[in-house]
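Visitor: Next comes the sequence, and after it the predicted model I'd like to discuss.
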Amino acid sequence: MTGVLRTAESTSGDMKFAFPSYLKDQIMFDHLLDGESIEWHFDNERQVGVVASTRLEKFVHVKRAVVYGESNSSFRPPQQVRDNLPYLSNESDAAICFSEVPDEDYLFFFSEERLFKELDNRGGLFE
């Protein structure tokens, strides 16, 4: 079963979020030219975003994105991901969750509302 690692909120209207510091080593990589980066994907089956330190064949690859900010922890989901996740709009204060998948090096990125729906419906995340 996956485990919830972090809930974060964006209240600025620009959909910027911060990675928890303990996830950096797992999810970010140092790009030769651009520095700290992550790979964004989309899981069509579950309709959630996926972040990883490498490109994943099992999901739709969206793009590589730079992680920015003084502590290299700020990120904004790419427009293609935001377009497919209705809770990520500039008009709403989004609350998101990261969920770790055992024995895998990626994280699901989804809404707090989705978290509770998954737990209520199936007794576990994405099972």
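Guide: Perfect, I can see it now.

Visitor: lowest-confidence helix or strand of the chain?
Guide: None of the helices or strands of the chain scores lower by mean pLDDT, DSSP states H and E than strand 3-10, at a mean of 61.

Visitor: Show me what the helix or strand that that one is followed by packs onto, helices and strands only.
Guide: Moving toward the C-terminus from strand 3-10, the next helix or strand (DSSP states H and E) is strand 17-18. The elements that strand 17-18 packs onto, with contact taken as 3 or more C-beta pairs under 8 Å, 6 or more residues apart in numbering; DSSP states H and E, are strand 3-10, strand 74-75. C-beta: built from backbone N, CA, C; applies to glycine.

Visitor: what mean pLDDT does the shortest one have?
Guide: The one in question is strand 74-75. Strand 74-75 carries an average pLDDT of 80.

Visitor: now the strands: where do they sit in the protein?
Guide: Secondary structure of the chain (DSSP state E): strands at 3-10, 17-18, 29-31, 35-43, 48-52, 60-66, 74-75, 94-100, 106-111.

Visitor: Provide a list of residues in contact with the residue lying closest to F109 once chain neighbours are set aside.
Guide: Once flanking residues are discounted, F109 sits nearest to G49: 3.7 Å by C-beta to C-beta, 6 or more residues apart in numbering. Contact analysis of G49 by C-beta atoms under 8 Å, 6 or more residues apart in numbering lists W40, H41, F42, D43, P77, V81, L85, F108, F109, F110.

Visitor: mind running it again at 7 Å?
Guide: The contact partners of G49, taken as C-beta atoms under 7 Å, 6 or more residues apart in numbering, are W40, F42, P77, V81, L85, F109, F110.

Visitor: top helix in this protein by residue count?
Guide: In the chain, taking DSSP state H as the definition, the longest helix is helix 112-122.
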